[in-house]
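Engineer: Attaching a predicted model along with its sequence, questions to come.
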Amino acid sequence: MIGMEKNRWPPGDLVIWIFIMAELLVFGVFFAAYAFTRAKHVELFDTYQLTLDRNAALINTVALITSSYFVVRAVAAIRNDDSRGCFRWLLAALGMGLLFLVVKGMEYQHHFSMGINLSTNTFYMFYLSLTFFHFLHVILGMIILLAVALKARSGGYSAAEHTGVETGASYWHMVDLVWMILFPLVYVMR
Amino acid sequence: MKYQSQKVAKLYFIAAIGLFVGQILFGLIIGAQYVWGDFLFPEIPFNVARMVHTNLLIVWLLFGFMGAAYYLVPEEAETDLVAPWLATLMFWIFLAAGAATILGYLLVPYSTLAELTKNDLLPTMGREFLEQPTITKLGIVVVALAFLANIGLTILKGRKTVINLVLLMGLTGLAVFFLFAFFNPVNIVWDKYYWWWVVHLWVEGVWELILGSILAFILIKTTGVDREVIEKWLYVIIAMTLITGIVGTGHHYYWIGTPEFWQWWGSIFSAMEPIPFFMMTVFAFNMVNKRRRNHPNKAAVLWALGTAVMAFLGAGVWGFLHTLAPVNYYTHGTQITAAHGHMAFYGAYVMIVLAIISYAMPLLRGREAANSNKSQVLEMWGFWLMTISIVFITLFLTAAGILQVYLQRFSDNPMPFMVVQEKVELFYVLRELTGFVFLAGLIVYIASFFVGSKEPEATVEGEVVATT
Amino acid sequence: MAQAFTKAMARNIFYGGTAFFFLLFLALTFQTHQVVPERDNHEAINEVVALGKKVWEENDCIGCHTLLGEGAYFAPELGNVYKRFGSTDAIKAFIASRPKDGVPGRRSMPQFNLSDEELTAVAEFLKYVSGINASNWPPSPQG
């Protein structure tokens, strides 16, 4: 049975995959809308893209990739029945998530202090909508990871039964994946 | 029927059907006024008849929801209602207030009604669907509170099932968002913005929780499928409903003075709104296919499947047709909206109320499980006549709407509104004729309550086909 | 043995998703409050306009007309009627001149017997609405 457990696909709870697909659909539509609109206003988008802080976004990219790695380690740990290891790796992932929020928060602080909002122009509408929607997902993902971490610490998971860890990990990878598309699309691509 | 107090639902269901008849008659009047502009003028002007048509719809659906709650909450909670007498009292108060309001619309000019009911003290009248005098609105709040207390305490006292909790959340949301009906600033942008918190967050939000829980109840009862499975589906569907529907409110914020980012947010999220309706269709058919027994009440199963399909078509497909901002720019406020409104309300809410009535009424009238075959056959005739009629009404209005959009807004030389109305008249004639077929269906439906009551109950023929 | 599809997970997503998207909706509403004052022509709101809105409501104008596309579809759009008619006087004259018994065979607006003050007010209200930035809607002056 345990062997079957490990090879079960998809990992985690099936419901979360329905919602991961739905979320990717929403982000996908948002990205497509961005691409089409950009094609119509290339100059506007290129001009205002330069006002974004690419270094901050790069730090955030690294932060999220690292956190995803930590989450992978957490899943590996619980598969070895190592609850404490799982808990620690999840805490590390949460730390990286927090770093993301702080850096992104500083970027927002910068934009807002210049009076930029959703109605400033089409580029900022997309930039703020996409990143803020993703930002909220990071927060939600962190809440999920925190819940999973706390349950792991109290020994709520085992090598035989750790659907919750896999579910949380799947969601977090989705949040990471969206940023991996968002970063080049909004910050880099010209 | 397992609990005595469920009986109070019968009153509510009878009132619902009675008011439904009134709604349809006034629908025929305004449909006729689209064809013969001076029909019943000036005795019953269009705005008065339309107000009666839409308000009766809302009131009878509320009667239906309350009846459904009084029927299924005790059964789910496995205990009697805490205060059946309160349910009966509130029924008469609500009915009297509703009747007085409708008579007020019909007997005196609307401005006189506003004066008589002291609208000046707290002006809330004269907004679409919220035309009721302020005092009636306060009455609705009182009735809603008493109702919520009654079923809430019953749920607390008894077994807490997912169906009961979701129903209670839906009904509580209904009451909470209704409070925005009392917010009416002079600034029309804010007036409209928060008006949608009643209208949209009702029909594309909390009402769908009510719809989902009633549908889940009927499916559990008629298919015998494991409660766990049905409750899981219910959670997934309502999660999807609110995830898409709350921000989907933005599809009403394109052209009312609200900022343009709503065109993106509203389009993207409301484009997802068909998903939960589609899931509901898949869910209903899946459960019926996996049924562990054949329920003798075939009519109720038909209504349940019908509501899943028609809600998807009306709310999902017809909603999607004009929800994207670039399309809505042309279709906003045309007969396209009317077409969508008719099929969505019928499919999602009329049919779910008729479904629970179909399931519960035979039991409330002392049957073991179902009406006689004769009665059910007639009821199913009513189902098909009304459902096919609403499909055609929707198609005719859609045709009228497409023409209207082209002639009045899209062509090189846009024509004035009234000129265009005359050009699309044929479709109004067809709609009105179809309306009479709908009325015939309603008469057949009502007749089904009175025929075959002396005949034996329908029984299940054949063995249960266990499909996996 | 774990289930692939648990009720607890579905429930958590329902509660979490609802809270998440409701908060998002509130954030967008907050943002809307920041921007609407630049678009809503609130400078034009005064006591006359307020009375006009009351007249508009207490005669259930929305029961036949649309205003910025919302209402009934029996009579013309009025969000841009000020621009279509060109003046408040033209609006007043139209409302005041409706025949009491209608027009045989045709739709007709009822005669509401409004006082001159009320006529002025409702016309000023419609003028105020026409000044709202509705993102270039309606697409044609015909409404």
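Structural biologist: Everything's here; your move.

Engineer: residues from the stretch 1-150 of chain B in reach of chain C?
Structural biologist: By the rule C-beta under 8 Å from any C-beta of the partner chain, the part of the stretch 1-150 of chain B lying against chain C is B:30, B:33-34, B:36-38, B:41-42, B:45-48, B:50-51, B:110-111, B:114-115, B:119-120, B:123, B:125-128, B:131. Any C-beta I mention is one placed from the backbone N, CA and C, and that applies to glycine too.

Engineer: try 7 Å this time
Structural biologist: For the stretch 1-150 of chain B, the residues in contact with chain C under the definition C-beta under 7 Å from any C-beta of the partner chain are B:36-38, B:41-42, B:45-47, B:50-51, B:110-111, B:114, B:119, B:123, B:125-128, B:131.

Engineer: Buried residues of the longest helix along chain C, list them for me.
Structural biologist: Of all the segments assigned as helix in chain C under DSSP state H, the longest by residue count is helix C:7-35. Buried positions in helix C:7-35, judged by neighbour count with 16 or more other C-beta atoms under 10 Å in any protein chain shown: C:7, C:9-14, C:16-18, C:20-22, C:24-25, C:28, C:31-32, C:35.

Engineer: Likewise for stretch A:121-133?
Structural biologist: For stretch A:121-133, a neighbour-count test (16+ other C-beta under 10 Å) marks A:122, A:123, A:124, A:125, A:126, A:127, A:128, A:129, A:130, A:131, A:132, A:133 as buried.

Engineer: List just the nearest of those to chain B.
Structural biologist: Distance ranking of those against chain B, using C-beta to the nearest C-beta, places residue A:125 first at 4.9 Å.

Engineer: tell me the SS of the closest one?
Structural biologist: When states are read from DSSP: H, G, I helix; E, B strand; the rest coil, the local structure at residue A:125 comes out as helix.

Engineer: cool, and residue B:79?
Structural biologist: Assigned by three-state DSSP, the conformation of residue B:79 is coil.

Engineer: ok, and the closest non-adjacent residue to it?
Structural biologist: Counting by C-beta to C-beta, 6 or more residues apart in numbering or on different chains, residue B:79 lies nearest to residue B:158, which is 3.7 Å off, once chain neighbours are set aside.

Engineer: On the C-terminal side of the longest helix of chain C, identify the next helix or strand.
Structural biologist: The helix or strand immediately downstream of helix C:7-35 is helix C:47-58, counting by DSSP states H and E.

Engineer: Convert that next one to PDB, retaining C-alpha atoms only.
Structural biologist: Coordinates of each C-alpha in helix C:47-58 appear next as PDB, following Å, rounded to 0.1, in the frame of the first residue of the first chain:
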ATOM      1  CA  GLU C  47     -29.800  70.200  -4.200                       C
ATOM      2  CA  VAL C  48     -31.500  70.400  -7.500                       C
ATOM      3  CA  VAL C  49     -29.800  67.300  -8.800                       C
ATOM      4  CA  ALA C  50     -30.700  65.500  -5.500                       C
ATOM      5  CA  LEU C  51     -34.300  66.500  -6.000                       C
ATOM      6  CA  GLY C  52     -34.100  65.300  -9.600                       C
ATOM      7  CA  LYS C  53     -32.900  61.900  -8.500                       C
ATOM      8  CA  LYS C  54     -35.800  61.700  -6.100                       C
ATOM      9  CA  VAL C  55     -38.300  62.600  -8.900                       C
ATOM     10  CA  TRP C  56     -36.500  60.000 -11.100                       C
ATOM     11  CA  GLU C  57     -37.000  57.400  -8.400                       C
ATOM     12  CA  GLU C  58     -40.400  58.200  -7.200                       C
END
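
Engineer: and that helix, which residues are buried?
Structural biologist: Residues of helix C:47-58 classed as buried under the neighbour-count rule (16+ other C-beta under 10 Å) are C:48, C:49, C:50, C:51, C:52, C:53, C:54, C:55, C:56, C:57, C:58.

Engineer: one step back: give me the packing partners of the longest helix of chain C, helices and strands only.
Structural biologist: helix A:14-40, helix A:122-153, helix B:227-248 (3 or more C-beta pairs under 7 Å, 6 or more residues apart in numbering or on different chains; DSSP states H and E).

Engineer: Output the ones you listed as a markdown table; include the columns mean pLDDT.
Structural biologist: Putting the helices and strands packed on helix C:7-35 into a markdown table (pLDDT from 0 to 100) gives the following:
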| stretch | mean pLDDT |
| --- | --- |
| helix A:14-40 | 91 |
| helix A:122-153 | 96 |
| helix B:227-248 | 95 |
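
Engineer: deepest of those, which one?
Structural biologist: Ranked by mean neighbour count under mean count of other C-beta atoms under 10 Å in any protein chain shown, these are led by helix B:227-248, which reaches a mean of 24.

Engineer: do the helix or strand following that one and chain A meet?
Structural biologist: Sequence-wise, the next helix or strand beyond helix B:227-248 is helix B:261-271, with elements assigned using DSSP H and E. Yes: legend: contact between helix B:261-271 and chain A by C-beta under 7 Å from any C-beta is shown at B:261, B:264, B:265, B:268, B:271.

Engineer: Residue B:267 touches residue B:328, doesn't it?
Structural biologist: No: here residue B:267 does not reach residue B:328: they are 8.2 Å apart, not a contact under C-beta atoms under 7 Å.

Engineer: which neighbours do the two share?
Structural biologist: Counting by C-beta atoms under 7 Å, 6 or more residues apart in numbering or on different chains, the common neighbours of residue B:267 and residue B:328 are residue B:251.

Engineer: out of those two, which sits in the more crowded spot?
Structural biologist: residue B:328 (24 against 21; other C-beta atoms under 10 Å in any protein chain shown).

Engineer: Show the contacting residues for that one.
Structural biologist: By C-beta under 7 Å, 6+ apart, the residues touching residue B:328 are B:251, B:254, B:322.

Engineer: For those residues, which entry has the maximal number of neighbours?
Structural biologist: Neighbour counts for the contacts of residue B:328 peak at residue B:251, which has 27 neighbours (criterion: other C-beta under 10 Å).

Engineer: quick one: pLDDT of it?
Structural biologist: Per-residue confidence for residue B:251 comes out at a pLDDT of 98.

Engineer: next one: residue B:206
Structural biologist: 96.

Engineer: number of nearby residues for it?
Structural biologist: Here the number of neighbours of residue B:206 (other C-beta under 10 Å) works out to 24.

Engineer: All set, thanks.
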